[in-house]
Each structure stands twice: as C-alpha cells, then as structure tokens.
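**Student:** Structure, please.
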Amino acid sequence: MIRSRFHLRETIATILADEERHIAAAREGITRARQELEHYISGDPFFRSTFEPYRVDTGIEIVDRMSDASAVSGVGPMAAVAGSIAWAGLEAMEEAGATFGIIDNGGDIALLTDRKITIGIHAGTSVLSDRYAFVAGPRDGIFGICTSSATVGPSISFGVADSVTVISRNPALADAWATAVCNRVRTGDTSAVDEALLGGCDGICVIIGDWHYRKGSLPRVVKARVRHDLITGGLF
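**Tutor:** Numbering: from 1, shown residues only. Have a look, this model is predicted:
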C-alpha cells in the first residue's frame, strides 16, 4: 500500500492506494474539483460564507453535492467541502481502475475498500481519544467516514463535542451531518443524532469528555493506539 500526502492551498490530504497511477488520479480529481468549486465561488461568494442551508442547481457536481447536503442537514454548504473534495478524488481513482483507495481530507474520509481497514478515533483531550479505532470494510462502493469537533482543529463549530463521527454512503452528507450534529449534540440531548440517521446517515459516534454515544450501523470498535503522525489536518 502506498501512502502519499497532497497539499493544494487549504486542502491537506492523505491518499492511500495500491498503485501510483491511482495516487495520480486522486490528485487530478481533487485538483479538478477544487478548481470547479473556486470558480463557482468567485461568482457566488455567499455560497462560501453562509452558515445556513443554501440550495442551488448549477450542474457542477461538487457544488450541487455540497448544496444538497446543506439542504438536508441544515448547515451551510461549506460544511460539506472536505468530504466532497475527497469524494471527487476517490471517484477519479475508481475511474482509473482502483478497487481500493482512501482519501483523508483533514479527518473527512472517503473510502473504497475491498479489505478490512483500521481507522483511529481522535477526540482531542478526551480520555477516550486515540485509544480506539473502527474496523471498516470490505464494502461495496464508495462511502464516507467524516468527523467534526468543537475542540480540535480550526473549523468553526457551535458545539461542545470532542468528536462526532458520521458514516454514510454519501461522503458529502457524512461531512455536513458531522458538523450539524457536532453543533447541537449534548450529553442530555441526542436528538440531532436521530435526525441525521433519518437524513441519510448509517451510523454516528459522539465523544464528549469521558462520555460517548453510538447509534445506527457502525463498524466494529477495537482498542488501538492512534499514531499522531498519521493524522491529517486541513481547512478546505
């Protein structure tokens, strides 16, 4: 397996693949998606700035995916940007013949896997952070495992959770719902989790301090030691 870091302006991603040509395809797919998104935003800056759902129908795949995820989850379209960019890169890998590929775009991960993989759970200073991991796959088709945090990283959050991890067949939706649930979930109020499960998500894991909550269809959780040097950070 080949591991490659890719940095393009705000996008800082880790790409895993079996072949160098699939790494190259991922880079091209990410770059193309970013260019299309940046071009659209140059003519519609509100798309980037709003924290509210924003419905557009442009015929530009990445823009429309982000808009659709925004409308379903109740957050701004940029909440889905990292998952959508990772998704575009992974589709390029699949088109190049890959049956295995992972793109981790700052904790928002798009996956295509014909084997078992282990994904660590990082939750900042929580006592549960870096001690456990999901064992996902093999699984047909592309899916997303996306995480949002109110205590880790530079992203804007209105919540308190150390991590909210969402799994969905739609990586843009997984990313948007991770933000939406993270904004709202509390130890005494998990209603946002139920809404996300009704809104296209398969399963959700929440960590707040020493408290955790899981619901829906999630991969098996195992004890693990998460290596901090493998954690990918990014903004866009």
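
**Student:** The longest helix seen in the chain - contacts with which helices or strands?
**Tutor:** Longest helix of the chain, by residue count under DSSP state H: helix 20-43. Judged by 3 or more C-beta pairs under 8 Å, 6 or more residues apart in numbering; DSSP states H and E, the packing partners of helix 20-43 are strand 2-8, strand 11-17, helix 46-49, helix 61-73, helix 81-95, strand 101-105. Bear in mind the C-beta positions are built from the backbone N, C-alpha and C, glycine included.

**Student:** would you list these in a markdown table and tack on mean neighbour count, mean pLDDT and distance to Glu38?
**Tutor:** Listed next are the helices and strands packed on helix 20-43 as a markdown table, based on neighbours: other C-beta atoms under 10 Å; pLDDT from 0 to 100; distance: least, C-beta to C-beta, whole Å:
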| stretch | mean neighbour count | mean pLDDT | distance to Glu38 |
| --- | --- | --- | --- |
| strand 2-8 | 13 | 94 | 11 |
| strand 11-17 | 22 | 95 | 11 |
| helix 46-49 | 15 | 98 | 9 |
| helix 61-73 | 23 | 98 | 10 |
| helix 81-95 | 28 | 98 | 11 |
| strand 101-105 | 28 | 97 | 16 |
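
**Student:** which stretch among those comes nearest Glu28?
**Tutor:** Across the helices and strands packed on helix 20-43, Glu28 has its closest neighbour in helix 81-95 (5.8 Å, C-beta to C-beta).

**Student:** circling back: nearest to Val160 among the helices and strands packed on helix 20-43 would be which one?
**Tutor:** Here helix 61-73 is closest among the helices and strands packed on helix 20-43 (C-beta to C-beta), at 18.5 Å.

**Student:** For the longest helix of the chain, what does the pLDDT average out to?
**Tutor:** The average pLDDT within helix 20-43 is 98.

**Student:** And stretch 125-132, by the same measure?
**Tutor:** The average of the pLDDT scores along stretch 125-132 is 91.

**Student:** what about it, how long is it end to end?
**Tutor:** Using C-alpha to C-alpha, to the nearest Å, the end-to-end distance of stretch 125-132 comes to 14 Å.

**Student:** again, but for stretch 104-119
**Tutor:** End-to-end distance of stretch 104-119 (C-alpha to C-alpha): 10 Å.

**Student:** Direction included, what does the strand ranked longest in the chain pair against?
**Tutor:** In the chain, assigned by DSSP state E, the strand with the most residues is strand 139-148. Strand pairing for strand 139-148, using DSSP bridges, gives strand 108-113 (antiparallel), strand 163-168 (antiparallel).

**Student:** tilt between the first one and helix 81-95?
**Tutor:** Direction vectors for strand 108-113 and helix 81-95, defined by axes from the mean of the first three to the mean of the last three C-alpha atoms, to 10 degrees, enclose an angle of 20 degrees.
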